[in-house]
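Asks: how would this look folded up:
(one chain, ligands or ions: 1)
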Amino acid sequence: MNAIIVDVVVVVMVVMLWKLINACYLTPIRAYRKLRKMGFGGPTPSFPMGNLGDMKKLLFQSKSPSSSSSSSPALSSSKELINHDIHSSSLPYFALWQKLHGKVFVYWMGVEPFLYVADPEFLKQMSGGVTAKNWGKPTVFKSDRIPMFGDFGLNMIEGSTWLRHRHIITPAFSPSNLKGMTNLMVESATKIVEHWITLLSNTGKVELDMEREITTLAGEIIARTNFGINDETGSILFEKLRAMQISLFKHTRYVGVPFGQLLCLGQTLEARRLGQEIDNLLLSLINARRKMIGVEPQHDLLGLLLEGEDHIDGKFVRKLTTGELIDECKTFFFGGHETVALAMTWTLMLLAMNPKWQDELREEIKEVIGESDEIGFTKLADLKKMGWVMNEVLRLYPSSPNAQRQARGDIQVGDVAIPNGTNIWIDVVGMHHDRSLWGDDVNEFKPERFDGNLYGGCNHKMGYLPFGFGGRMCIGKSYAIMEYKIVMTSILRRFSFSVSPSYRHSPSYCFSFRPSSGVPLIIQPL
Ligand code: HEM
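Replies: You can find the predicted model right below:
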């Protein structure tokens, strides 16, 4: 009897070991060989870290004080100290490998090969004629990002589940719904303006960390417009989301390394704990709103998600489950404030460095909106120069610096076939800083490049992708532009900005590009 048990245990262990070797070594090697056969080069990986070690080393070297691309010291007054070439300084490994292997190559995160793409023509061929359903999201990121977006957040799901969620959520951002949010956005922006006026009441100027101010404002706006939250629940949620982001992305993650999560167990457990606390808060929010169904019309995102009823191809689709609802709320809480907050923060920094553009925008605001405190929804589209500034900021400091895909089926791209399961890393920030696409002034702040040109003069339409591409393009794009224009209008017509001498230009990559030492600006009333 004992011998039989031992035999069974041995067989189970052999099968498990075989599965492990297959998943961690043989399958990736097979995928890698296929990609190599197609002619893709790339840095040499080592087992089991892939190229993660090289990435860490190159980043460390670029941040060391002797490196010319490391963050600038505290500013004296010269704006020349600020280098906008964040691709070389923050993603030096991609900058180097591009030089060595071209704009499409294979690199490894742990035992997962990734096809790196910074060639817009390749991207065009990759997405042309292929529906969004053929591209999923890399499985390897899922376990890492679950505390942040859950299993069912829109950016995590694929196939028919993605289609169903996207179909339910899209109406929340229709022009009529956005119009209904205008006053709430104006109210929040006015509140911050009044707060700054109070701070300035006894003094001519004041120094504020714009990152902190603007992030709080963007958090309040998404909480009110999308979830009807007017109390401190919103700020508690944001604090927890921020802490989770730091614990997930600030320190070394061993993405793709077998049992990598065990190597940073403390951070993994901390992120899960925060994720659970956020889920509980959201659940009580959802339950409170459920009680309002039928009592009051609910036009915001949460209201629509709770209704969730729709017809696709004539079939009735059931409501989202509670788990799906929580994950979507988390996704929108995070995605809906961090991205816009960063765009507005970098804008204020760039405007502080370029007073001429502050004046240009103020002049435009006067012409289009006038002096009234009310900001009409339909007038926002006429703020053309503000649109150029936003485009230019998102070019230099894209809030979403990359996009990822995973092939669900063999996909033909020109004369190469991308095998089923291949991970793709699209380096948006790399394309936005590519001299061959934009010209020699690529790293300069020049909003006028968007005057009459949707692509800012980029010599390929797929070279400028601030909101992504294809069927998975950002669902909140119109909302983001509207919020940006309302907030910028409200504050630019009341204050002028200059860069504080204590400002250190140190954008660092932590899921998105954040100013790692804040953005201290000096503000003065007009
Ligand atoms: C300046 C602000 C913003 C920028 C630059 C931005 C950028 C992006 C990018 C690049 C993507 C990925 C697209 C792709 O993979 O091709 C994306 C997806 C997404 N964004 Fe935004 N975004 C912004 C604001 C917002 C806002 C305000 C919301 C919500 C209110 C939002 C919600 C989402 C969601 C849910 C997705 C996933 C869409 C899907 O997979 O179907 N974003 N965004």
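Asks: residues from the protein in reach of the ligand?
Replies: 154-155, 166, 331-332, 335-336, 339-340, 343, 394, 399-400, 403, 466-469, 472-476, 479-480 (Cβ under 6 Å from any ligand atom). C-beta coordinates here come from the backbone N, C-alpha and C atoms, glycine included.
Asks: could I get the contacting residues of the residue in the stretch 151-300 of the chain that the ligand sits nearest to?
Replies: Distance from the ligand to each residue of the stretch 151-300 of the chain (Cβ to the nearest ligand atom) is smallest for residue 155, at 3.7 Å. Applying Cβ atoms under 8 Å, 6 or more residues apart in numbering, we find residue 155 in contact with 137, 149, 331, 335, 472.
Asks: put the alpha carbons of the one helix or strand residue 56 maps to into PDB.
Replies: Secondary structure from DSSP states H and E places residue 56 in helix 52-63. The C-alpha coordinates for helix 52-63 follow below in PDB (Å, rounded to 0.1, in the frame of the first residue of the first chain):
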ATOM      1  CA  LEU A  52      15.600  42.300 -16.300                       C
ATOM      2  CA  GLY A  53      19.100  42.400 -14.800                       C
ATOM      3  CA  ASP A  54      20.400  44.400 -17.800                       C
ATOM      4  CA  MET A  55      17.400  46.800 -17.500                       C
ATOM      5  CA  LYS A  56      18.100  47.400 -13.900                       C
ATOM      6  CA  LYS A  57      21.800  48.000 -14.500                       C
ATOM      7  CA  LEU A  58      21.300  50.400 -17.400                       C
ATOM      8  CA  LEU A  59      18.700  52.400 -15.400                       C
ATOM      9  CA  PHE A  60      21.000  52.600 -12.400                       C
ATOM     10  CA  GLN A  61      23.900  53.900 -14.700                       C
ATOM     11  CA  SER A  62      21.600  56.500 -16.300                       C
ATOM     12  CA  LYS A  63      20.500  57.800 -12.900                       C
END
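Asks: just how off-centre is it within its chain?
Replies: Averaging C-alpha positions (Cα atoms, centre = their mean, to the nearest Å) puts helix 52-63 22 Å from its chain's average.
Asks: average pLDDT across that helix?
Replies: Helix 52-63 shows a mean pLDDT of 90.
Asks: kindly report the same for stretch 163-173.
Replies: 90.
Asks: in that stretch, what's buried?
Replies: 163, 164, 165, 168, 169, 172, 173 (16 or more other Cβ atoms under 10 Å).
Asks: could you do stretch 348-357 as well?
Replies: Neighbour-count burial for stretch 348-357 [16+ other Cβ under 10 Å]: 348, 349, 350, 351, 352, 353, 354, 357.
Asks: I'd like these as CSV, with distance to residue 248, secondary structure and pLDDT appended.
Replies: As requested, the buried residues of stretch 348-357 are exported to CSV (distance: Cβ to Cβ, whole Å; DSSP: H, G, I helix; E, B strand; the rest coil; pLDDT from 0 to 100):
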residue, distance to residue 248, secondary structure, pLDDT
348, 27, helix, 98
349, 25, helix, 97
350, 28, helix, 97
351, 31, helix, 98
352, 31, helix, 97
353, 32, helix, 95
354, 34, coil, 96
357, 35, helix, 98
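Asks: hey, where'd the strands end up in this protein?
Replies: 104-109, 112-117, 135-136, 206-209, 310-312, 315-317, 402-407, 411-413, 416-418, 423-427, 495-499, 507-510, 512-515, 520-525 (DSSP state E).
Asks: out of those strands, flag the one nearest residue 362.
Replies: Across the strands of the chain, residue 362 has its closest neighbour in strand 495-499 (8.7 Å, Cβ to Cβ).
Asks: distance between that closest one and the chain's centre?
Replies: That offset, for strand 495-499, works out to 27 Å (Cα atoms, centre = their mean).
Asks: could you number the chain from 514 rather than 1 from now on?
Replies: Let's use 514 as the start, then, which means that last one is strand 1008-1012.
Asks: mind listing the strands it pairs with, and their directions?
Replies: strand 1033-1038 (antiparallel) (DSSP bridges).
Asks: ok, residues contacting the partner strand?
Replies: 709-710, 713, 717-723, 861-862, 865, 1007-1013, 1015-1016.
Asks: noted, bye for now.
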